[in-house]
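Fold the following, please.
(4 chains)
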There are 4 protein chains.
Amino acid sequence: MKLTILIHCPDQSGIIKAVTTFIHEQNGNIIYLDQHVDKEAGVFFMRLESEFEDNIRLPEFKKEFKKGLEEKYQMKLGVYTDSVRPKMAVFVSKYNHCLYDLLSRYKSGELLVDIPFIMSNHPDLNYIAEQFQIPYYHVPVTKDSKETAEERQLDLLNEYNVDFIVLARYMQILSSKVIDVYPQKIINIHHSFLPAFAGAKPYHAAFERGVKIIGATSHYVTAELDAGPIIEQGVTTVSHSHSIKDFITKGRDLEKIVLSQAVQHHVARKTMVYNNKTVIFS
Amino acid sequence: MKLTILIHCPDQSGIIKAVTTFIHEQNGNIIYLDQHVDKEAGVFFMRLESEFEDNIRLPEFKKEFKKGLEEKYQMKLGVYTDSVRPKMAVFVSKYNHCLYDLLSRYKSGELLVDIPFIMSNHPDLNYIAEQFQIPYYHVPVTKDSKETAEERQLDLLNEYNVDFIVLARYMQILSSKVIDVYPQKIINIHHSFLPAFAGAKPYHAAFERGVKIIGATSHYVTAELDAGPIIEQGVTTVSHSHSIKDFITKGRDLEKIVLSQAVQHHVARKTMVYNNKTVIFS
Amino acid sequence: MKLTILIHCPDQSGIIKAVTTFIHEQNGNIIYLDQHVDKEAGVFFMRLESEFEDNIRLPEFKKEFKKGLEEKYQMKLGVYTDSVRPKMAVFVSKYNHCLYDLLSRYKSGELLVDIPFIMSNHPDLNYIAEQFQIPYYHVPVTKDSKETAEERQLDLLNEYNVDFIVLARYMQILSSKVIDVYPQKIINIHHSFLPAFAGAKPYHAAFERGVKIIGATSHYVTAELDAGPIIEQGVTTVSHSHSIKDFITKGRDLEKIVLSQAVQHHVARKTMVYNNKTVIFS
Amino acid sequence: MKLTILIHCPDQSGIIKAVTTFIHEQNGNIIYLDQHVDKEAGVFFMRLESEFEDNIRLPEFKKEFKKGLEEKYQMKLGVYTDSVRPKMAVFVSKYNHCLYDLLSRYKSGELLVDIPFIMSNHPDLNYIAEQFQIPYYHVPVTKDSKETAEERQLDLLNEYNVDFIVLARYMQILSSKVIDVYPQKIINIHHSFLPAFAGAKPYHAAFERGVKIIGATSHYVTAELDAGPIIEQGVTTVSHSHSIKDFITKGRDLEKIVLSQAVQHHVARKTMVYNNKTVIFS
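Reported below is the predicted structural model:
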């Protein structure tokens, strides 16, 4: 049985020894270990994968961890197994490229999640949901209906026990009512090299500025628009000969790759968040 | 004899035919031609290289051009030969990596310019000037002395007949008194992926924001800080494991490459500026 | 009406003038022009896009071209309109990522072709053909059946009037019987940075060699395996920490992007082939 | 006092715990730890940086290590301090770009080595050695004089106690007489994306093949030409419009960056070699 373990605690001497000794005592064989110290914040982060005898019991393991490490080092623990696939909801508007990309990876077995439903404020992409036989909920969002719409969204997320949400070019801003329920569990793709060109129409703004490189940024959604912890960024070159339409076309491929990589990092438990920044383990 | 010809004019039908016919009539053989139309602005840009009989006379050529094309198409012409090397002044402060890079390219014959002098607000890099046997002028700049300093700078630039200026990590802001004399002739390197992190300490700001890619931007200097037409940009990946110091180290190589490429484009007459954007011909 | 015109001929003085004058005489307005001279081979290549009055007649245009340019300059002409979508057959084996990528671009209207059918030596990907409602022909290929299989393939290609073929990870080698019928019209994706690791199992070979970058290469198929004219290449970094499985996973995204870009270049008539090399216009 | 420790041994359970416990017992505080397991070869690699009380004595430390870990786990140990700068000899022929790059990094304090001398089979770059005030030995190499020349080289390397050699575009093949004395201590830069275009004139071969990307590869020199363990690779895009001369120009910047990064990895003790491949720690 393989466990993926994420730990963070105030930085101090002897932590790695303490953790590896603990794993050893639980008869675990460490097959991957990476660690990071944020020296400014004085915080220690660790990700490890360890194999255990099949009869290890998680509650017991956690209890021992608590006794041995949590109290002494103020360590926070996350333990994950591969046996349960996380449930991922996908929110879209009208653009289909990120949705197609995620669904074909899902269907191919490349993306190890369950996708209980797709949610959209428009009916346009229903045909893709049908192609992949996934429920599609059309929840229109207008200025006036936003509150009701978000309640409906929360009901659906709750009903399907969704673990995390991917905004695959969902052109609506979520209110804190939704964000607060899914902290560091909503992944957005923004079509610029953040922090440049936050907000609406970033390709137009990039074209206007005459940049020679455009980008895409995937980040966890926080209350402040396009300002959450960055998970992944990608870029591609452009020139004077490219029109805004060319920017958009070139950007689509970037968005797909960057978003899917961020989702993969999240699913593989390779992300930790601290001070609005991410640690992305290799 | 090879001429490099830059043309721009309001876009209209028949321009390429008119220009190529004109070159043909002057017994020129076009060996390179590239053109670009800014559809929004309605402006046509062209760069061509053409070989002529050695006895072509430039004043005559320009006169014919004026008669045949300038008036009819409101065409603006720039004609350049390789026989005269442009004079490039280099301004530096204390960082030496861009200076070393430019001088070693210059010394190797890779950069086809003359460098009449190096100017700095600090004495620190004088030793490099000595290594390469180039005059080094130390002109201190303080809040109070800035005006006098810029007069001294202008005197030197004038005295040496400088054609263009490279700010190779010159940590001072030039006033419009200098900028206005060298429009689109001052090349700066900014150590961020503009427009992100304009102004001071961009690596610190990038670190703070937790970006996964850092960049460097070379641009023509205009009155507004870090907002001039972008000539070249470059990027490199970073991760949570990189400190600010690592950003700075990785950034140095970017800055060198991006700045030298921008300078090469400028020297090869491959840049045209319009609406605060550049056309960079291949 | 917009025409895309591809020309090549022995290099000589005055060609651009001659062509642009011809277009002008046909009342064409050139909206794009790019040219290239292969100095070693002494060959001139040109691609131009020109708008014409709607009543231009192609046979007439070609006749005038022949009279005015073909004979004098030994010019070869290709003329294309956007009004007819090329017919593209897709050959696959068992890997689905390139197929999904092409079909989602096709379905989105990003890829301006018709796809009359998908051909495979295995039945595995039939479900994707069904998702996208495209005929799927399963033509098994064994050592003994190869000849019959290729006859069946040629029949299908002929029956559907296929213009070009995309080998989207088709794990069979085509014989010259097929290749000769579609010269420079069969696009393959090879999962290495050619010419490194031609042939079978390139990711394994790359892993074995300990490279730090892996690549993918799209090329026109010729009689010699993996040695045809290269259309597009892409790369991504790897490290000692990546297993062969990781190489394959990272490679999939490369393959998709590189193949789709090559197909887009081909469809947009931006490719010309000479001496087993390509000119790819911007 | 900071020690950098490199360890490798047959892979088995409990190693990380054993090493971190050992460091802890020696009153060390681990500030960096990274590990890698080559599953095929069954070998465990670890790099760690640890701070110790200033009065730690290396011989004692090594003795304890031997007693506690070497025997039990067949562990091989390398221990390094920053207090002694490695001595790096630079071999060149006529190209100056890599030499200029290394020396300016050295002079700037970016490259933490001592450079006792530069060795060349040509006198051409003596002027650079003079600029940087480093001894320059001109040792001509012809078919007949090769043996004598290598003896002279070995004498110089020995006399100056050189730790490792950088072939900064040294256009001669070293015989095993030299290579055997400096195993995994001679770093070469080859101007192609190995294993493509090994041997002479790689840019010409790349041009001939019509590639769309060119590369540079830095590797440890082994008896087989251009086949040693790869340390670092870099690439840049090219197109049909680039001549061989353009390839060479673009390649120069690649070569400089790739070589200097490889040298930095080596100096920082971030490289381990196994089965003709490298582990490059972050």
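
so what's A:Ser13 up against?
Contacts for A:Ser13 were tallied using C-beta atoms under 8 Å, 6 or more residues apart in numbering or on different chains; they are D:24, D:29-30. C-beta coordinates here come from the backbone N, C-alpha and C atoms, glycine included.

Dump these to JSON lines, plus neighbour count.
Output for the contacts of A:Ser13, formatted as JSON lines (neighbours: other C-beta atoms under 10 Å in any protein chain shown):
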{"residue": "D:His24", "neighbour count": "18"}
{"residue": "D:Asn29", "neighbour count": "16"}
{"residue": "D:Ile30", "neighbour count": "21"}
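
Can you tell me which of those residues is nearest C:Phe61?
Nearest to C:Phe61 among these: D:Ile30, at 75.9 Å, using C-beta to C-beta.

And the pLDDT for that closest one?
Note for D:Ile30: predicted pLDDT of 93.

Which strand residues bridge the nearest residue to it once chain neighbours are set aside?
Excluding its sequence neighbours, the residue lying closest to D:Ile30 (C-beta to C-beta, 6 or more residues apart in numbering or on different chains) is D:Ser50, at 4.9 Å. Legend: beta-bridge partners of D:Ser50 under DSSP bridges are D:Leu3, D:Ile30.

Verify the contact between A:Tyr73 and A:Ile16 for me.
No. Using C-beta atoms under 8 Å as the test, A:Tyr73 is too far from A:Ile16 to be in contact (11.1 Å).

More neighbours: the two, which one.
Using other C-beta atoms under 10 Å in any protein chain shown as the criterion, A:Tyr73 and A:Ile16 rank with A:Ile16 on top: 23 against 18.

and A:Val37, how many residues sit next to it?
The burial count for A:Val37: 17, using other C-beta under 10 Å.

Report the secondary structure state of it.
strand (DSSP: H, G, I helix; E, B strand; the rest coil).

who are the neighbours in contact with it?
Neighbouring residues of A:Val37 by C-beta under 8 Å, 6+ apart: A:11, A:43-45, D:31.

Among those, which one sits closest to chain B?
Set against chain B, the nearest of those by C-beta to the nearest C-beta is A:Phe45 (8.3 Å).

per-domain residue ranges of chain A.
Chain A is divided into the following domains under automatic domain parsing: A:2-81, A:88-280.

sorry, back to before: and which of the contacts of A:Ser13 is nearest A:Ile231?
Using C-beta to C-beta, those come closest to A:Ile231 at D:Ile30, 27.5 Å.

D:Thr20 is in contact with the closest one, correct?
Yes. At 6.4 Å, D:Ile30 counts as touching D:Thr20 under the criterion of C-beta under 8 Å.

Give the residues shared as contacts by the two.
Counting by C-beta under 8 Å, 6+ apart, the contacts common to D:Ile30 and D:Thr20 are A:16-17.

Can you tell me the element the residue nearest to A:Tyr170 when sequence neighbours are not counted falls in?
Leaving out its chain neighbours, the residue that sits closest to A:Tyr170 by C-beta to C-beta, 6+ apart is A:Phe91, at 3.9 Å. Counting by DSSP states H and E, the element that carries A:Phe91 is strand A:88-92.

Would you map the strands across the stretch 101-250 of chain A?
A:118-120, A:136-138, A:164-167, A:186-190, A:213-220, A:230-237 (DSSP state E, counting those that start in this stretch).

Report how many residues lie close to the spatially closest residue to A:Lys270 that is not a sequence neighbour.
Spatial nearest neighbour of A:Lys270, excluding adjacent residues (C-beta to C-beta, 6+ apart): A:Phe281 at 4.5 Å. When neighbours are counted by other C-beta under 10 Å, A:Phe281 registers 25.
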